[in-house]
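Asker: no sequence on this one, just coordinates:
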């Protein structure tokens, strides 16, 4: 049996440690999609003095979206709220019941929903940002790099909206499941490892078996690797992608630092604005990450609001 070079792979996905701060803000919960009788929500939080721009903040750890994390997420986002951004704390379908591909689909649908209702929500439809941490950062990067879901001929008016975002700022995201820590290392096929780390469901891609009329796991390796490609932001970069800021601990034991460098290399080759910053001595998450979110404010101010 081969030695696992990066045994900590999918622990990534612990939610960040966030400084506690009492916040009283106007909140409104919206349902942006329904699946199998389950409502997917985005909670809008408006600052005291809105600047007219919106940012989606993905609630996600290990590709699980848990409502109990909402209050801490709002507290941790105080620099963005203080800067006047209206935030949309967005939930997605969660592992182990649903795989990553469906979570990514949900986030893009939420972009379409918010864009469609932008005027009512008090934000600009043409300038939407997105943020997240770890698995949430991965899903945010997918929104910034993957194909636009816009379909001008769709009967659903939401589907006629673009699913693209205009700026991305994230913490410690996975970016390339085909080159994890070193070229050619495919962690998605390491079923025992995924099971040990408790995230096997996130990578158990399903298909509909029309003969048995059930959903069944995809077992073909080539198909799984293609799905891994489609879910790797570094593999999807094109020259029209959203400007991206990544902040990661330089001692991250869960997501290799190589992951941020992978997408940086790809974006630079396509002349997409990207900045990668490393928190000295920090692991996957750290105390008072709200301080680093002040860098997010600068990024969104520049690429959404046009401020120098």
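Answerer: Received, thanks. These numbers were taken from a predicted model, which means no experiment stands behind them.

Asker: How confident was the prediction at the residue lying farthest from the centre of the chain?
Answerer: Distance from the C-alpha centroid of the chain, by C-alpha atoms, centre = their mean, peaks at residue 211 (34.9 Å). Looking at residue 211, its pLDDT stands at 78.

Asker: which residues does it contact?
Answerer: The contact partners of residue 211, taken as C-beta atoms under 8 Å, 6 or more residues apart in numbering, number zero. Where you see a C-beta, it was placed from the backbone N, CA and C, and this is true even at glycine.

Asker: Provide the secondary structure category for it.
Answerer: coil (DSSP: H, G, I helix; E, B strand; the rest coil).

Asker: any idea how far residue 204 is from it?
Answerer: Using C-beta to C-beta, to the nearest Å, residue 211 is found at 20 Å from residue 204.

Asker: Just give the nearest non-adjacent residue to residue 29, would you?
Answerer: residue 43 (4.9 Å; C-beta to C-beta, 6 or more residues apart in numbering).

Asker: residues making contact with the helix or strand that neighbour falls within?
Answerer: Taking DSSP states H and E as the definition, one finds residue 43 inside strand 38-46. Strand 38-46 has contacts (C-beta under 8 Å, 6+ apart) with 25-34, 56, 70, 74, 77, 81, 86-93, 106, 109-110, 113-114, 121-122.

Asker: same question, stretch 25-35
Answerer: 39-48, 74, 81, 90, 93, 106, 109-110, 113-114, 117.

Asker: please redo it, this time with the cut-off set to 6 Å
Answerer: 39-46, 109-110, 113 (C-beta atoms under 6 Å, 6 or more residues apart in numbering).

Asker: again with stretch 228-240
Answerer: 100, 141-142, 145-146, 175-178, 188, 262-263, 266-267, 270.

Asker: Mind giving me the PyMOL select for those, buried ones only?
Answerer: A single PyMOL command selects the buried members of those (16 or more other C-beta atoms under 10 Å):
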select buried, resi 100+141+142+145+146+175+176+177+178+188+262+263+266+267
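
Asker: Using the three-state scheme, assign residue 281.
Answerer: coil.

Asker: tally of neighbours for residue 33?
Answerer: 18 (other C-beta atoms under 10 Å).

Asker: again with residue 276
Answerer: Other residues close to residue 276 by other C-beta under 10 Å number 15.

Asker: how near is it to residue 307?
Answerer: 21 Å.

Asker: How about residue 221?
Answerer: Applying C-beta to C-beta to residue 221 and residue 307 gives a distance of 48 Å.

Asker: same deal with residue 214?
Answerer: 53 Å.

Asker: Farthest-apart pair in the contacts of stretch 228-240, please.
Answerer: Distance extremes for the contacts of stretch 228-240: the farthest pair is 188 and 270 at 24.5 Å, using C-beta to C-beta.

Asker: who touches residue 125 in this structure?
Answerer: The neighbours of residue 125, taking C-beta under 6 Å, 6+ apart as the test, are 115, 118.

Asker: That one in helix, strand or coil?
Answerer: coil.

Asker: Now do the phi/psi pair for it.
Answerer: phi -70, psi -30 (degrees, to the nearest 10).

Asker: May I ask which helix or strand encompasses residue 227?
Answerer: Using DSSP H and E, the element containing residue 227 is helix 221-230.

Asker: Which elements pack onto the next helix or strand after that helix?
Answerer: For helix 221-230, the following helix or strand on the C-terminal side (DSSP H and E) is strand 244-249. Helices and strands touching strand 244-249, by 3 or more C-beta pairs under 6 Å, 6 or more residues apart in numbering; DSSP states H and E, are strand 167-171, strand 274-279.

Asker: Looking at the ones you listed, which one is packed in the most?
Answerer: Among the helices and strands packed on strand 244-249, strand 167-171 has the highest mean neighbour count (mean count of other C-beta atoms under 10 Å), at a mean of 28.

Asker: so how far is it off the chain centroid?
Answerer: 9 Å (C-alpha atoms, centre = their mean, to the nearest Å).

Asker: neighbouring strands for that strand, and are they parallel or not?
Answerer: Next to strand 167-171 in the sheet, as set by DSSP bridges, lie strand 128-133 (parallel), strand 244-249 (parallel).

Asker: Deepest in the core, which of those is it.
Answerer: strand 128-133 (a mean of 28).

Asker: and the helix or strand that comes right after that one, average pLDDT?
Answerer: Moving toward the C-terminus from strand 128-133, the next helix or strand (DSSP H and E) is helix 135-145. What helix 135-145 shows for mean pLDDT is 97.

Asker: got the contact list for helix 135-145?
Answerer: Residues contacting helix 135-145 (C-beta under 6 Å, 6+ apart): 13, 58, 60, 62-63, 104, 107-108, 130-132, 165, 168, 170-171, 173-174, 233, 236-237, 241-242.
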